[in-house]
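>>> Compute the structure for the input listed below.
(2 chains)
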Amino acid sequence: MKVRFSFIYIFLFTTLIFSSCGSDDAEPELNLNGRGDLVFYFDNTVGNELLALNNTTYKNSSGESFRVTGLSYYVSNFKLQRKDGGEYVIPQDSSYFLINAADKNSYEVRLENVPVGDYSGVSFVLGVDSARTVSSLEKRKGVLDIAAGQPGASMYSDANDGYTFLKLEGTSVSAASGKFEYQIKGFGGATARTVNNIKTINIPFTGTIASVTTTKSPEAHLLINILKIFDGSTRISIAGLPQAITPELTAPLASNYTTMFTLDHIHPTSSAH
Amino acid sequence: MLKTVKSIRDIIQQKFLVVPVLVLLTGAMWLMIMVGACTSEETVDPENKTPTPLAWRKPANFPDPVYDLNKNPLTVEGVELGKFLFYDGLLSRTNVIGCGTCHQQQSAFTHHGHELSHGVDDQLGKRNTPSIQNMAWNPLFFWDGGVRDMDFVPFNPIENPVEMGETVNHVLEKLRLTPDKSAKIPVDYPKMFKAAFGTPEITTERMMKAISQFMTTMVSAESRYDKFAIGDVTALSAQEKEGLILFRKNCSSCHEGELFTNYSFRNNGLAPLKYEDLGRFDVTRRESDRNLFKVPSLRNVSFTAPYMHDGRYKTLGEVLEHYTDKVVSSPTLDPAFIQSGGKTGLNLTDDEKESIIAFLRTLSDDNFIKNNAFSDPGIGNAF
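Here you go, the predicted structure:
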């Protein structure tokens, strides 16, 4: 009770400060149209099963058994397609997310302050765009912090290779060392044109719709089938490619993984989850 | 803190200054009380004062710097913090190797006597430690130019397994846990971050910016050559002036201007060694960049031996001999080293080489390698 009371106090106080100092800043559009949230939930799967780290054995299309010890990837630069045509682009500074299979809280991507309306699809970048990859430190907050991530699990390589877009690590008897490791990266280079593995994922909400209202935040469930990393335009075997951590070597993996996202269903409100 | 106390005591020891100093101190205290009385509580606590801006002056004969000081304004406290971070072994996995272990002041912030860098557990790196001086003019960092912004430089040595072998993330955690009572000098980093940035939060951005602030102040522009450049014609001897003329003719297409580099990438004909370092090619993957390296500045070059990206030459005499006799032909060899008859290298007599070396020695800046402002505040390890 006491805690809540002081919280309200602080809230009132800050509102007061804000209203007295920055009254010009208010966005008129915000009040006119209303805004709400749209949530994406990233369910990592292997074929038809939900991904379980460490202890479950899976098979890829080359018939190799493997276990997954780590999976993380960036999704960024979200754009929402409006049903009536046109699109809404999420302000870039709030449009970078890192999904980490070891951290359930990271599965939910909440796009805030989305204008009320019906949305018929989404697109996002799998990874980090090149402009952000060469931007100054002030623009690298949160998941883009170059120090982010646990020791050994950081997603930033260095200025030259930029961020790892997707990291998949595991064990397999098919690899000579018993381990496999993929770090898909390659932002196209800062001073010279180098390999560009940045992929944009488009997901139409076929046969359904996400209706954002001021009170209802729809939640779209996406399935991410990591088997597609091995199997697309180029079939990759763990025996043939146990380790790929350079932009060049990971290019075929990046071409494959554009097909790994599908829409499962959309809940009209996120509370239903 | 330590430093100010010490310097005030130094001043007071000079007796004739005691009275004015006391007057000043009383005045300052009175002012603090007055200010405290008429503003909010915050200003009473001297630890809450805002960082003191540091005026940074570009040497008269230098071009404009490329580092954007607007996004990282220098302050006295920021530079001081940067200096402590620069020398502190906490930045390495073993808590021993600081930036200053490899970049030592008496050799113009290189690692004297080491061809290749020595990092944690005495592991060898693949390149020679370059000088840290005039970094604010450097558009690209490292021998291959792989980093384009000074704020991103520390990430590489910290996370390089054979240099500091740490993660930036863990360094931040260690800094947050200071002061460590058992340390040689128990530095209180949260307090220093607060002094430099207003609050005690220790973040990647603040840490990198503090180190950049310190490196930005590391300017070398007080050599005898500089005195000559800003108008003192007596600053150089006849032989040194002769050397300057020969230098401009033979060397300035790369070691250009007042910084003695145009920051381009070139192949100066070093014979390949067992381990092939591809240089700029690592960054651009362009065939034409194979074996190209950043043209180094030659300021303080008499302090920075051994020379070249792999430290293969021990003396300036050997370097000059390279340019006349040892330049090796290869598809990317710079045209400056290909003579009309197809012979490689530069044409210089022994006398001319000596004059050039005499001139190169005029680029030594004793103040730079002795200036206390850049020295280890007592926390570093040098070997």
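
>>> Residue B:79 is in contact with residue B:215, isn't it?
No: contact between residue B:79 and residue B:215 fails when scored by Cβ atoms under 8 Å: they sit 9.5 Å apart. C-beta coordinates here come from the backbone N, C-alpha and C atoms, glycine included.

>>> Out of those two, name the residue with the larger neighbour count.
residue B:215 (28 against 24; other Cβ atoms under 10 Å in any protein chain shown).

>>> Please enumerate the helices of the stretch 1-150 of chain B.
Secondary structure of the stretch 1-150 of chain B (DSSP state H, counting those that start in this stretch): helices at B:2-13, B:18-38, B:76-87, B:99-102.

>>> do the stretch 101-250 of chain A as well
A:130-133, A:247-256.

>>> List the beta-bridge partners for residue 75.
With no chain named, the answer covers chain A. Residue A:75 forms beta bridges with residue A:97, residue A:126, as assigned by DSSP bridges.

>>> not quite, I wanted chain B
In this structure, residue B:75 has the following beta-bridge partners (DSSP bridges): residue B:53.

>>> how many neighbours does it have?
Other residues near residue B:75 number 19, with proximity taken as other Cβ under 10 Å.

>>> With residue A:170 instead?
Counted by other Cβ under 10 Å, the residues lying close to residue A:170 total 20.

>>> Can you pull the domain assignment for chain A?
Chain A breaks down by automatic domain parsing into domains covering A:1-32, A:34-267.

>>> Mean pLDDT lowest where, among the ones you listed?
Per-stretch mean pLDDT for the domains of chain A is lowest at domain A:1-32 (a mean of 38).

>>> Residue of the stretch 1-150 of chain A closest to chain B, please.
With distances taken as Cβ to the nearest Cβ, the stretch 1-150 of chain A approaches chain B most closely at residue A:147, which sits 3.7 Å away.

>>> what's near enough to touch that residue?
With contact set as Cβ atoms under 8 Å, 6 or more residues apart in numbering or on different chains, residue A:147 has these partners: A:154, A:156, B:167-169, B:171-172, B:204.

>>> I'd like to know which of those residues are part of helices.
For these, membership in helices holds for B:168-169, B:171-172, B:204, with DSSP state H as the criterion.

>>> Check the residues you listed and tell me the two furthest apart.
Of all pairs drawn from the ones in helices among the contacts of residue A:147, the greatest distance, 9.3 Å, lies between B:171 and B:204 (Cβ to Cβ).

>>> got a pLDDT number for the nearest residue to residue B:308 once chain neighbours are set aside?
Distances taken as Cβ to Cβ, 6 or more residues apart in numbering or on different chains put residue B:270 closest to residue B:308, at 6.2 Å, once the chain neighbours are dropped. At residue B:270, the predicted lDDT confidence score is 96.

>>> For residue A:178, see how far away the closest residue to residue A:33 other than its chain neighbours is.
Once flanking residues are discounted, residue A:33 sits nearest to residue A:115: 5.3 Å by Cβ to Cβ, 6+ apart. Using Cβ to Cβ, to the nearest Å, residue A:115 is found at 51 Å from residue A:178.

>>> the more surrounded of the two?
When residue A:115 is set against residue A:178 and neighbours are counted by other Cβ under 10 Å, the residue ahead is residue A:115, at 16 against 10.

>>> partners of that one in the sheet?
Residue A:115 forms beta bridges with residue A:35, as assigned by DSSP bridges.

>>> residue contacts, it?
Contacts here follow Cβ under 8 Å, 6+ apart; on that basis residue A:115 touches A:29, A:33-35, A:88, A:212.

>>> Show the buried residues in the residues you listed.
For these, a neighbour count by 16 or more other Cβ atoms under 10 Å in any protein chain shown gives the buried set as A:35, A:88, A:212.

>>> Name the nearest residue to the last one, sequence neighbours excluded.
Distances taken as Cβ to Cβ, 6+ apart place residue A:36 nearest to residue A:212, at 4.3 Å, with adjacent residues excluded.

>>> How many neighbouring residues does that neighbour have?
19.

>>> thought it was touching residue A:219?
No: in this structure, residue A:36 is not within contact of residue A:219 by Cβ under 8 Å, at 11.8 Å.

>>> pretty sure residue A:122 is in contact with residue A:77, am I right?
No: using Cβ under 8 Å, residue A:122 is not in contact with residue A:77, being 10.9 Å away.

>>> Specify which residue of the two has the higher count of neighbours.
For residue A:122 versus residue A:77, the count of surrounding residues by other Cβ under 10 Å is larger for residue A:122: 25 against 21.

>>> Report the contact partners of the more buried one.
By Cβ under 8 Å, 6+ apart, the contact set of residue A:122 is A:40, A:78-81, A:202-203, A:205, A:220.

>>> Excluding sequence neighbours, find me the nearest residue to residue B:216.
Nearest residue to residue B:216, sequence neighbours excluded (Cβ to Cβ, 6+ apart): residue B:136, at 4.7 Å.

>>> any idea how far the one you found is from residue A:231?
Summarising the geometry, the distance separating residue B:136 from residue A:231, computed by Cβ to Cβ, is 51 Å.

>>> Stretch A:48-57 spans what distance, first to last residue?
One end of stretch A:48-57 sits 13 Å from the other (Cα to Cα, to the nearest Å).

>>> Oh, that last question was meant for stretch B:49-69, not what I typed.
22 Å.

>>> neighbours around the closest residue to residue B:172 other than its chain neighbours, how many?
In this structure, residue B:172 finds its nearest non-sequential neighbour in residue B:202, 5.5 Å apart by Cβ to Cβ, 6+ apart. Neighbourhood size, residue B:202 [other Cβ under 10 Å]: 22.

>>> my guess is residue B:202 contacts residue B:190, does it?
Yes: shown here, residue B:202 and residue B:190 form a contact pair, counting by Cβ under 8 Å, at 6.6 Å.

>>> Between the two, which contacts overlap?
Shared between the contact lists of residue B:202 and residue B:190 (criterion: Cβ under 8 Å, 6+ apart) are residues B:175-176.

>>> Tell me the spacing between the closest residue to residue B:83 other than its chain neighbours and residue B:154.
Nearest non-adjacent residue to residue B:83, counting by Cβ to Cβ, 6+ apart: residue B:214, 4.9 Å away. When Cβ to Cβ is applied, the distance between residue B:214 and residue B:154 equals 11 Å.

>>> again, but for residue B:222
Residue B:222 is 27 Å from residue B:154, where distance means Cβ to Cβ.

>>> So between the two, which is more surrounded?
residue B:154 (24 against 15).

>>> For residue B:106, grab the count of nearby residues.
Counted with other Cβ under 10 Å, the neighbours of residue B:106 add up to 12.

>>> typo on my end, it should be residue B:228
By other Cβ under 10 Å, the residues close to residue B:228 number 18.

>>> Give me the phi and psi angles of it.
Note on residue B:228: its backbone torsions stand at phi -60, psi -50 [degrees, to the nearest 10].

>>> And stretch A:77-92, end to end?
End-to-end distance (Cα to Cα), stretch A:77-92: 6 Å.

>>> what's residue B:211 in contact with, if anything?
Residues in contact with residue B:211 (Cβ under 8 Å, 6+ apart) are B:82, B:85-86, B:99, B:153-154.

>>> Show me which residues of chain B sit near chain A.
Chain B comes close to chain A at residues B:68, B:71, B:140, B:145-149, B:151-152, B:155-156, B:159, B:167-172, B:203-205, B:208-209, B:282-286, B:289, as judged by Cβ under 8 Å from any Cβ of the partner chain.
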